[in-house]
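A.B. asks: missing the sequence, but the structure's below:
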């Protein structure tokens, strides 16, 4: 570290369990944009520009336009219809109209779907990719997970200092109808209290410092496209049903995917209260949070055979949950704020039950709320979603 107070580390990120980072609506595709090949158990993603050129050069565009209109009319009559399927259409038109070439010329890339039945498949949420079409993880996603872990670890070690925030949250939730704007204001105040601070310069002028501006993380280098697999969303439940499989499919990175990124600490901008002086302190915070969730005394211990859902843990580096489909408790500071698990249960189940966007009824949750963890089927076993590890190279 020089006079600037900067420490920069070259880091490696390892994907340990299926991990999904979405790119928004633009990254969602339907049956008009992929071909399911049951012979090679691959999902072939279509390059739409190549498809247009392929169909146009073979005088098939008119047939395709008629097909699209027909499907649109059917969908208009039946709102539940989603029958557009480029693979089936091409198989049919190939028998009717002779032409050269093969639609495989239009494939952008392929992904393993060996564990998914054709009739199960629906729309697919694709992994975010760079301009060259290669999967990567944005630095903002890594930073968000690290910052949350730092907050959780700090609050857990200084719980009494933040008791008033839990009381404020509890009072709002107990009013009945939850005002989420009020909750967000409490959260903002708490974060400012922990990581933001002010300094006075030589001219006696005060400057407000955003504490986490002192943590900079780059995007990762690209991952190999071969290390992608399609998974269907599955929840493990603390109910008699045991599990719930949903018609949601995600393109995920799988183990042993690896990529590099850089992590920079500006010690002059990081709040001294956080006690973050090097990357080892980052890893400590990550492992504190990971332990709160999955250790023998962690929140997720109530789920049977939890250890079988986890990767083998090593003594080096820091473990973190990344991306979508990892669950509520991997993205919140509530477990650290709550004085005990009983209080956590009572407050969170009321909070989640009040959220109109949540379809499950959580008011009767008895052990943990929400009463689910997110997993992916891997052969005959299952894995908890989104577990990754970072370490210094």
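C.D. replies: Yep, it's here. All values derive from a computational prediction rather than experimental measurement.

A.B. asks: right, and residue 260 touches residue 393 too?
C.D. replies: Yes: taking contacts as Cβ atoms under 8 Å, residue 260 lies within contact range of residue 393: 6.8 Å. All C-beta atoms are positioned from the backbone trio N, CA, C, and that covers glycine.

A.B. asks: tell me, what's touching those two both at once?
C.D. replies: Shared contacts of residue 260 and residue 393 (Cβ atoms under 8 Å, 6 or more residues apart in numbering): 10, 11, 12.

A.B. asks: redo the residues you listed as CSV? Include distance to residue 187, secondary structure and neighbour count.
C.D. replies: Converted to CSV, those look like this (distance: Cβ to Cβ, whole Å; DSSP: H, G, I helix; E, B strand; the rest coil; neighbours: other Cβ atoms under 10 Å):
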residue, distance to residue 187, secondary structure, neighbour count
10, 33, strand, 10
11, 28, strand, 22
12, 32, strand, 16
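
A.B. asks: compare residue 260 and residue 393 (neighbour count), which wins?
C.D. replies: residue 260 (13 against 7; other Cβ atoms under 10 Å).

A.B. asks: list the residues that contact that one.
C.D. replies: Under the criterion of Cβ under 8 Å, 6+ apart, the contact list for residue 260 reads 10, 11, 12, 13, 220, 221, 393.

A.B. asks: how far away from the center of its chain is the strand or helix carrying it?
C.D. replies: Element membership of residue 260, judged by DSSP states H and E, is strand 258-266. Distance of strand 258-266 from its chain centroid, counting by Cα atoms, centre = their mean, to the nearest Å, is 19 Å.

A.B. asks: just to revisit the earlier point, just the contacts of residue 260 now: which is nearest residue 346?
C.D. replies: Taking Cβ to Cβ as the measure, residue 13 is the one of the contacts of residue 260 closest to residue 346, at 36.7 Å.

A.B. asks: so which elements touch the host helix or strand of the closest one?
C.D. replies: When secondary structure is defined using DSSP H and E, the element that contains residue 13 is strand 6-15. With contacts defined as 3 or more Cβ pairs under 8 Å, 6 or more residues apart in numbering; DSSP states H and E, the packing partners of strand 6-15 are strand 258-266, helix 279-294, strand 387-392.

A.B. asks: what lies in contact with it?
C.D. replies: With Cβ under 8 Å, 6+ apart as the contact definition, strand 6-15 has outside contacts at 1, 137, 142, 220, 223, 227, 253-267, 278-279, 317, 388-393.

A.B. asks: what do you get if the cut-off is 6 Å, keeping everything else the same?
C.D. replies: By Cβ atoms under 6 Å, 6 or more residues apart in numbering, the surrounding residues in contact with strand 6-15 are 1, 220, 253, 255, 257-266, 279, 388-393.

A.B. asks: quick check: phi and psi at residue 113.
C.D. replies: Dihedral pair for residue 113: phi -130, psi 30, per degrees, to the nearest 10.

A.B. asks: I should have written residue 43 there, sorry.
C.D. replies: Per-residue torsions, residue 43: phi -100, psi 120 (degrees, to the nearest 10).

A.B. asks: which residues touch it?
C.D. replies: Listed by Cβ under 6 Å, 6+ apart, the contact partners of residue 43 are 34, 36, 111, 113, 230.

A.B. asks: same question for residue 122.
C.D. replies: With contacts defined as Cβ under 6 Å, 6+ apart, residue 122 is in contact with residue 247.

A.B. asks: residue 383 now?
C.D. replies: Applying Cβ under 6 Å, 6+ apart to residue 383 gives the contacts 17, 309, 376.

A.B. asks: ok, the nearest residue to residue 29 once chain neighbours are set aside - how many residues close by?
C.D. replies: Counting by Cβ to Cβ, 6 or more residues apart in numbering, residue 124 is the residue found nearest to residue 29 once chain neighbours are left out, at 5.2 Å. When neighbours are counted by other Cβ under 10 Å, residue 124 registers 21.
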